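Colleague: I'll drop the sequence and a predicted model, then ask my questions.
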Amino acid sequence: MVVSWCDDKNCAVQQCRQYSGKPERLQEIFAVQQFCLRARGTGGSDNARVKLADLPDLSPEAATVFNEVLWARRSVRAFRPTPIPRAWVEQLLAQAARAPSGANMQPWRVHVLTGSALRRVTEQARAVAVDRERLSSLKGRYQYYPGTWKAVFKARRREVGLALYDALGLKKGDEAGMQAQHLRNFEFFGAPVGLLFTVDQSLTQGSWLDLGMFLQTLMLAATAEGLHTCAQAAWCHFHEPMAQWLSFGPDEVLVCGMALGHADPEAIENTLVTSRVPVSEFSTFHEE
């Protein structure tokens, strides 16, 4: 994993924090980590050979804890400005990097925005976004949404959009209110950490799937630590300006962004919990 840290400082202050979970759970996590670290290098590389039977057993509560984290994750669109220490973000990225990838290519690259760099980039992005003509002229390196929507997907998109606007008290036809909410994307919804994810342009769909698993792992890791996130497709249109503002490598393709921080518990938009279709609607069991 390659991480570019953008905080407009020559050196970031490394800060430690108190682990908020149960001490015994932290000991179990460390036991697994240390076991795997001891096994590294057996084949002349950093990869490890570890028998599954030799791994420390997970606690009986592991499944319950995982489900708690899974159900607690949601897309948060209003954050407190409370800073997140760099060491904490690095820990989350290290956890996310445990996501699987084809041939272990680990194709993700992360640009981390904090401090004055975050303020600078969001100010530049908002200046572009408020100019609708300029915004519409931006060309990303890929198309996130289809040009023509099938009815089933259009209905789901419409449902969640209306639910968000209803929570915000926005009525149909309130273009100014909807535009203001959309512009919040380009402030990372007030989060103290903005993340931008890129992949090498030589890679194909498989590596983009890998990035998706990295993103989900990162969001779950953040949720487990009491933080919140919002994955943002809105940034994909900003490839060209971001490449200039953050000095992307010539082969980097901007895929998406993510806001990271402490959720604002008073924000009405954070009350929205999106629905999911039942398993029967998206799965087919072949048993004979």
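Modeller: Arrived safely, thanks for sending. All of these numbers come straight from a predicted model, not from anything done at the bench.
Colleague: Okay, helices next: where are they in this structure?
Modeller: Using DSSP state H, the helices of the chain run over 23-39, 62-72, 86-96, 115-129, 132-137, 151-167, 175-183, 205-224, 239-245, 279-282.
Colleague: Need the residues that contact the last one.
Modeller: The contact list for helix 279-282 (CB atoms under 8 Å, 6 or more residues apart in numbering) is empty. In this view, the C-beta of every residue, glycine as well, is placed from N, C-alpha and C.
Colleague: which one of the helices of the chain lies closest to Ala191?
Modeller: Ranking the helices of the chain by proximity to Ala191 (CB to CB) places helix 115-129 first, at 8.6 Å.
Colleague: what mean pLDDT does the closest one have?
Modeller: The pLDDT scores in helix 115-129 average 97.
Colleague: got it, and stretch 152-168?
Modeller: Regarding stretch 152-168, the rounded mean pLDDT is 95.
Colleague: before we move on, back to that, rebuild the helices of the chain as CSV, extending it with distance to Ala231.
Modeller: Converted to CSV, these look like this (distance: least, CB to CB, whole Å):
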stretch, distance to Ala231
helix 23-39, 25
helix 62-72, 15
helix 86-96, 12
helix 115-129, 17
helix 132-137, 20
helix 151-167, 14
helix 175-183, 16
helix 205-224, 6
helix 239-245, 16
helix 279-282, 20
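Colleague: Nearest to Trp108, out of these?
Modeller: Trp108 lies closest, by CB to CB, to one member of the helices of the chain: helix 205-224, at 4.8 Å.
Colleague: circling back: save the helices of the chain as CSV, and put in distance to Leu254 and mean neighbour count too.
Modeller: Putting those into CSV (distance: least, CB to CB, whole Å; neighbours: other CB atoms under 10 Å) gives the following:
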stretch, distance to Leu254, mean neighbour count
helix 23-39, 32, 12
helix 62-72, 28, 12
helix 86-96, 18, 18
helix 115-129, 12, 17
helix 132-137, 15, 10
helix 151-167, 22, 12
helix 175-183, 18, 13
helix 205-224, 12, 18
helix 239-245, 4, 17
helix 279-282, 29, 8
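Colleague: Right, I'll call it a day here.
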